[in-house]
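J.: Return a 3D structure for these sequence lines:
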Amino acid sequence: MKTEMILSTYNNPRSLRLCLESISHQDPGCDSICIADDGSRPETAAVIEAFRMQNQGLTIRHVWHEDNGFEKGQILNKAIASTVAEFLVFIDGDVMIRPDFVARHLELAQKGRFTTGSLIRLDALATDSVTERMVAEGVVFERSWLRENRALGSVFVWLKSAPLPKIVLSALEILSPIRRSLCGAHWSGFTADLLRINGYDEAIKYGGEDKELGERLKNAGLRGRHSRYWAVLVHLDHSRGYLDPQKRLQHKKMIHDVRGSDRFWTERGIHKTEL
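T.: Next comes the predicted model:
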């Protein structure tokens with residue numbers, strides 16, 4: 001089974017550098033990496049090229065389009081449409097993943113399922129302190145460092161740091177009453193399932209594009225599975241200048257409408273034609 005990691009990015013070269021460093025330590029890793037770039041400036045391409053030169057054993061794709069505002073769904077659709085992999089692991093370019101992150105998603109890969117997880121969020125001060133060496137040495141995944149940097153504020157977040165035996169955490173993931181809402185910064189699934197629903201709805205901008213996709217996957221007969229407590233992912237803080245409260249309300253209604261229907265195909269996805 002060919003696998004690919006698809007990570008989305010936009011004008012955040014420092015975070016992307018840290019993210020790629022964490023990807024380089026995956027054991028096992030995906031067969032290829034695709035950076036789905038929503039119109040970043042040349043600094044991002046330079047980070048990708050430097051990483052390519054330092055990791056010549058990795059197959060790396062850079063899928064880019066011109067900056068036209070927040071078009072994450074569109075660039076992810078281009079990445080999905082152009083992949084040759086059967087199984088895809090999705091993250092954002094502003095996260096760091098523990099060395100066994102991909103292994104956990106491969107372990108949970110199952111036909112008729114998608115897997116989705118959560119985030120441990122760093123604040124701005126902690127984010128500024130992170131270095132590539134800290135990522136390479138695994139410091140940013142250690143509970144002591146996360147606690148010292150204010151990232152483990154509740155027992156639920158503490159569980160996301162994988163503090164208990166794997167068998168216990170796996171049981172908690174299965175028994176968790178939390179809705180299996182798709183988290184775009186942390187999920188995986190089969191390419192064929194994404195093509196079947198026509199990928200992301202490109203009419204949805206920031207605020208709900210991932211959850212809407214997850215609801216359509218469910219409508220297509222797939223079941224969600226949690227990877228909240230074993231596949232450890234740490235999120236780097238950043239500004240959100242593209243946040244539009246009015247659009248988020250519109251997108252919330254679109255998600256509600258999809259959830260209350262049996263519709264799984266979008267006419268505004270990879271193929272711009274009706275089923």
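J.: Give me the buried positions along the longest helix along the chain.
T.: Longest helix of the chain, by residue count under DSSP state H: helix 245-259. Residues of helix 245-259 classed as buried by neighbour count (16 or more other CB atoms under 10 Å): K247, H251, M254, I255, V258, R259. The way it works is simple: take the backbone N, C-alpha and C, and place the C-beta from them, glycine included.
J.: now the stretch 1-150 of the chain, which segments are flagged as low pLDDT?
T.: Regions of the stretch 1-150 of the chain meeting the criterion pLDDT under 70 are absent.
J.: Could you count how many residues lie near the residue nearest to R150 when sequence neighbours are not counted?
T.: Closest residue in space to R150, ignoring its immediate chain neighbours: D123 at 6.0 Å, by CB to CB, 6 or more residues apart in numbering. Neighbour count of D123, defined by other CB atoms under 10 Å: 12.
J.: and D123, how far is that from G153?
T.: Applying CB to CB, to the nearest Å, the value for D123 to G153 is 10 Å.
J.: Verify the stated contact: G93 with S15.
T.: Yes. Contact status for G93 versus S15: in contact at 6.2 Å, counting by CB atoms under 8 Å.
J.: which stretches of the protein form helices?
T.: Using DSSP H, the helices of the chain run over residues 13-23, 42-54, 72-82, 101-108, 124-129, 132-136, 143-148, 155-159, 166-175, 191-196, 209-219, 245-259.
J.: how about those, which one is nearest V63?
T.: V63 lies closest to helix 72-82 among the helices of the chain, at 4.8 Å (CB to CB).
J.: Using CSV, write down the CA coordinates of that closest one.
T.: What follows is helix 72-82, C-alpha atoms only, in CSV (Å, rounded to 0.1, in the frame of the first residue of the first chain):
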residue,chain,number,x,y,z
LYS,A,72,-7.0,25.4,1.5
GLY,A,73,-9.7,23.2,0.1
GLN,A,74,-8.7,23.9,-3.4
ILE,A,75,-5.0,23.2,-2.9
LEU,A,76,-5.8,20.0,-1.0
ASN,A,77,-8.0,18.9,-3.8
LYS,A,78,-5.1,19.4,-6.2
ALA,A,79,-2.8,17.3,-4.0
ILE,A,80,-5.4,14.5,-3.7
ALA,A,81,-6.1,14.5,-7.4
SER,A,82,-2.4,14.2,-8.3
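J.: Packing partners of it?
T.: Packed against helix 72-82, as judged by 3 or more CB pairs under 8 Å, 6 or more residues apart in numbering; DSSP states H and E, are the following elements: strand 3-9, strand 32-37, strand 59-64, helix 191-196.
J.: mind redoing it with 10 Å?
T.: strand 3-9, strand 32-37, strand 59-64, strand 87-92, helix 191-196, helix 209-219 (3 or more CB pairs under 10 Å, 6 or more residues apart in numbering; DSSP states H and E).
J.: Could you check the angle the last one makes with strand 87-92?
T.: If I follow you right, that is helix 209-219. Angle of helix 209-219 versus strand 87-92, following axes from the mean of the first three to the mean of the last three CA atoms, to 10 degrees, is 150 degrees.
J.: any idea of the angle helix 209-219 forms with helix 245-259?
T.: With the same axes, to 10 degrees applied, the angle from helix 209-219 to helix 245-259 works out at 10 degrees.
J.: Ok, the first one next?
T.: Orientation check (the same axes, to 10 degrees): strand 3-9 against helix 245-259 gives 150 degrees.
J.: Partner strands of strand 3-9 and their direction?
T.: Looking at strand 3-9 with DSSP bridges, its partner strands are strand 32-37 (parallel), strand 87-92 (parallel).
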